[in-house]
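[1] Give me a 3D structure for the following:
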Amino acid sequence: MTIIAAGSIATDHLMVFPGRFVEQLVEGELHQISLSFLVDDLQVRRGGIGANVSFGLGILGLRPVLVGAVGTDFAEYGAWLEDHGVDTSHVHVSSTHHTARFVCTTDADQNQIATFYAGAMSEAREIDLGEVIAALDDVDVVVISPDDPAAMLRHTRYCRENGVRFAADPSQQLARMDGADISELVEGASYLFTNAYEADLLRQKAGWSVEDVLDRVGMWITTSGADGVTITSRHRDQLHVDAVLATGVADPTGVGDAFRAGFLAGLTRGLDLERSTQLGAGLATLVVETVGTQQYTFEPSTFFTRLGDVYGTTASAEIESALFSAPATTTARGES
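    Residues are numbered from 1 along each chain as shown. This next block holds a predicted model:
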């Protein structure tokens, strides 16, 4: 079964500021901010949420299909993704815009200030998801991640109206969407992904209680960094899974994308909800220990040893066996 990852494809420009952002804010003067940060490091990396999720799925042995829009400067990046197991044949190439660009500065407290240039991403609304699905004919779930807002809404409507299972991952786009758009994106999702901050922002902007959210989605998966992952549903007891603690924090960018990849890969390989969450948590830790969202290395022997140290050897062995032995299957098991 195939997972479609629909979302942004971008180049990340990641910088590190050795101080603290909060120390640069002057009380009483926040209405006229003019800040400049002298950074110590610059890394130019491949990124974009759709691409990051696809990369994670690819290195775990799946063959995800990436859906998004890029510029003519995408050739080298596309080859990189293909080399890591991603099908890029359904990526829309703009003739007039550059591939999107994400510029992010991280301070000593791991707070971030970021700017995103959409570029070719604005043409993602022209993609016909129905044509992509018809060409594949074995789609299990569509992950709808931050992208051009009109594209996100169009993809969501198609899935809902045609009975295609989808995962809602609005994350950064929550900041610019109103309650009506958020409702449109979330309604009917098999999975809703947020971090703890986004969970509160989503409810605030939509005017929903926790129960209102759970009435609209199959499962609500909330990541909380070092505090782990919580999964809530109307149909099962709440599940909490501890994080795999990092040996050191290099850069938090892309951690949630890796979690989503590991979680969905586990379900597609037939793992239950707890084991799939553990797999996602383990993959997320590899990202936080690395600068760049696709620069981490998946070394099975080391990876499964680390999972065993946190979740026990039985859990680690089950995840390893499913990932490398079982054929991809429907993720419906995770919804039972």
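
[2] Which residue would you name as the spatial centre of the chain?
    residue 257 (2.8 Å; CA atoms, centre = their mean).

[3] ok, the residue lying closest to that one once chain neighbours are set aside - how many residues close by?
    The shortest distance from residue 257 to any residue other than its chain neighbours is 3.6 Å, reached at residue 52 (CB to CB, 6 or more residues apart in numbering). Every C-beta, even on glycine, is put in place using the N, C-alpha and C of the backbone. Other residues within reach of residue 52, judged by other CB atoms under 10 Å, total 30.

[4] how about residue 52, what does it touch?
    Going by CB atoms under 8 Å, 6 or more residues apart in numbering, residue 52 touches 254, 257-258, 261, 293-294.

[5] go with 7 Å
    254, 257, 293-294 (CB atoms under 7 Å, 6 or more residues apart in numbering).

[6] Could you do residue 141 as well?
    Neighbours of residue 141 in contact, by CB under 7 Å, 6+ apart: 3, 165-167, 190, 264, 331.

[7] In the protein, which helix is the longest?
    When the chain is scanned for its longest helix (criterion: DSSP state H), the result is helix 273-288.

[8] Among the contacts of residue 52, which lie within helices?
    Short answer: those in helices (DSSP H) are residue 257.

[9] Most neighbours of all the contacts of residue 52, which one?
    Result: residue 257 is most packed of the contacts of residue 52 (other CB under 10 Å), 32 neighbours.

[10] Which residue ranges of the chain form strands?
    In the chain, the strands defined using DSSP state E lie at 2-6, 10-16, 41-47, 65-67, 69-70, 92-93, 100-106, 112-117, 139-144, 166-168, 191-195, 219-223, 229-233, 236-241.

[11] Pull the contacting residues for the closest residue to residue 15 other than its chain neighbours.
    Spatial nearest neighbour of residue 15, chain neighbours left out: residue 39 (4.1 Å); criterion: CB to CB, 6+ apart. If a contact means CB under 7 Å, 6+ apart, then residue 39 has 15-17, 105 as its contacts.

[12] Kindly provide the distance from residue 39 to residue 102.
    From residue 39 across to residue 102, the span is 15 Å (CB to CB, to the nearest Å).

[13] My guess is residue 143 contacts residue 5. True?
    Yes - using CB atoms under 7 Å, residue 143 makes contact with residue 5 at a distance of 4.9 Å.

[14] Look at the two and report which has more neighbours.
    Ranked by neighbour count (other CB under 10 Å), residue 143 and residue 5 place residue 5 first, with 33 against 27.

[15] So what pairs up with that one in the strands?
    Judged by DSSP bridges, the bridge partners of residue 5 are residue 66, residue 143.

[16] from now on call the first residue 44
    I'll keep to 44 as the first residue from here, and by that count the last item is residue 48.

[17] Pick the most deeply packed of the strands of the chain.
    Across the strands of the chain, the average number of neighbours (mean count of other CB atoms under 10 Å) peaks for strand 112-113, which reaches a mean of 29.

[18] now the strands of the chain as TSV including distance to residue 354?
    Output for the strands of the chain, formatted as TSV (distance: least, CB to CB, whole Å):
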stretch	distance to residue 354
strand 45-49	24
strand 53-59	30
strand 84-90	29
strand 108-110	30
strand 112-113	38
strand 135-136	40
strand 143-149	29
strand 155-160	29
strand 182-187	24
strand 209-211	23
strand 234-238	21
strand 262-266	16
strand 272-276	12
strand 279-284	8
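
[19] ok, residue 240 - how many residues close by?
    Applying other CB under 10 Å, we find 12 residues neighbouring residue 240.

[20] For residue 316, see how far away it is.
    23 Å.

[21] again with residue 83
    41 Å.

[22] same check, this time on residue 323
    Residue 323 sits 11 Å away from residue 316, going by CB to CB.

[23] that older thread, who's more crowded, residue 83 and residue 316?
    Using other CB under 10 Å as the criterion, residue 83 and residue 316 rank with residue 316 on top: 21 against 10.

[24] Please report how far the more buried one lies from residue 234.
    Per CB to CB, residue 316 is found 11 Å from residue 234.

[25] So which residues of the stretch 144-293 of the chain form helices?
    172-179, 192-205, 222-229, 239-249, 253-257 (DSSP state H, counting those that start in this stretch).

[26] Tabulate those in TSV, adding columns for distance to residue 356 and mean pLDDT.
    Output for the helices of the stretch 144-293 of the chain, formatted as TSV (distance: least, CB to CB, whole Å; pLDDT from 0 to 100):
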stretch	distance to residue 356	mean pLDDT
helix 172-179	37	97
helix 192-205	39	97
helix 222-229	38	95
helix 239-249	30	95
helix 253-257	34	97
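
[27] can you put those helices in CSV and add distance to residue 160?
    Shown next, in CSV, are the helices of the stretch 144-293 of the chain (distance: least, CB to CB, whole Å):
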stretch, distance to residue 160
helix 172-179, 24
helix 192-205, 15
helix 222-229, 21
helix 239-249, 22
helix 253-257, 31
